[in-house]
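Participant: I'd like to go over a predicted model; first the sequence, then the structure.
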Amino acid sequence: MNLKKQIADHVRDIPRSGIRDFFEIVQSMKGVISLGIGEPDFDTPWHIREAAIYSLEKGRTGYTSNLGLPRLRDSIASYVEGNFGIRYDGRTEVLVTVGVSEAIDLALRALVNPGDEVLYHEPCYVSYSPSITLARGVPVAVPTFARDHFRMTAAELEKKITRASKVLMLNFPCNPTGATQTREELEKIAALCVREDLVVLTDEIVEPLAVPWAM
């Protein structure tokens, strides 16, 4: 049996992750600090590990709500409101995932029909294009340039929009360039999205690292 032939076309054609290949090499070496994936070079702080151990000792190992623990969802809603002035109901408008990749996958599967175009900027997080493909969407890369400090511009975005465009994915501060956005350019992009009826997915996993004056 030709196993490769049995794999779905849209899955088989997804290229391997160079970052993951690099990570596997680094894992086999000593005295090397990996810059391949987003994790620090220190252990998880003890008070977090201790809380996890205590939870296991108390037998808290069963299923939770599919949305996540209510207390955690309320805390997330409070954090967003306190830092951004946007109010969400933690019980009905917040969903907890194990990470950004799962959140993106769930959102794209909920939004994208086969053939819908999903716009995203490049350079970008390595899983954006594969996630779009797995959701049966069409990845459409919007280039960013050093001359613009790798910020997406409304002008470049507009060049890529077609009748099939449905979703725009943004990630600022950007992984891997570290680029941030200006308020002026974000407002132009927002106006363009409203005009073209685009759904915006924002990946803000490194938001706490944003430099205030960059806005």
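Facilitator: Okay, I see it.

Participant: so for the helix or strand bottoming out on mean pLDDT in the chain, what gets flagged as buried?
Facilitator: Sorting the helices and strands of the chain by mean pLDDT, DSSP states H and E puts helix 18-27 at the bottom, at a mean of 74. Neighbour-count burial for helix 18-27 flags I19 (criterion: 16 or more other CB atoms under 10 Å). Every residue, glycine included, has its C-beta placed from N, CA and C.

Participant: try stretch 51-71
Facilitator: Judged by neighbour count (16+ other CB under 10 Å), stretch 51-71 contains no buried residues.

Participant: gap between the two ends of that stretch?
Facilitator: End-to-end span of stretch 51-71 (CA to CA, to the nearest Å): 15 Å.

Participant: next, the contact list for E196, please.
Facilitator: Listed by CB atoms under 8 Å, 6 or more residues apart in numbering, the contact partners of E196 are 161, 165.

Participant: so where's this protein uncertain?
Facilitator: Counting by pLDDT under 70, the ranges of the chain that qualify are 34-39, 209-215.

Participant: where do the strands of it begin and end?
Facilitator: Secondary structure of the chain (DSSP state E): strands at 117-122, 138-143, 165-170, 199-202.

Participant: out of the ones you listed, flag the one nearest L67.
Facilitator: With CB to CB as the criterion, L67 lies closest to strand 199-202 of the strands of the chain, at 18.4 Å.

Participant: now the end-to-end length of stretch 142-162.
Facilitator: Terminal residues of stretch 142-162 are spaced 13 Å apart (CA to CA).

Participant: so what touches that stretch?
Facilitator: Here stretch 142-162 makes contact (CB under 8 Å, 6+ apart) with 117, 119-123, 140-141, 168, 170, 172, 174, 177-182, 185, 188-189, 191-192, 196, 198.

Participant: what does stretch 104-120 give?
Facilitator: For stretch 104-120, contacts defined as CB under 8 Å, 6+ apart pick out 95, 97, 127-129, 131-132, 134-142, 157, 160-162, 164-170, 198-199, 201, 203.
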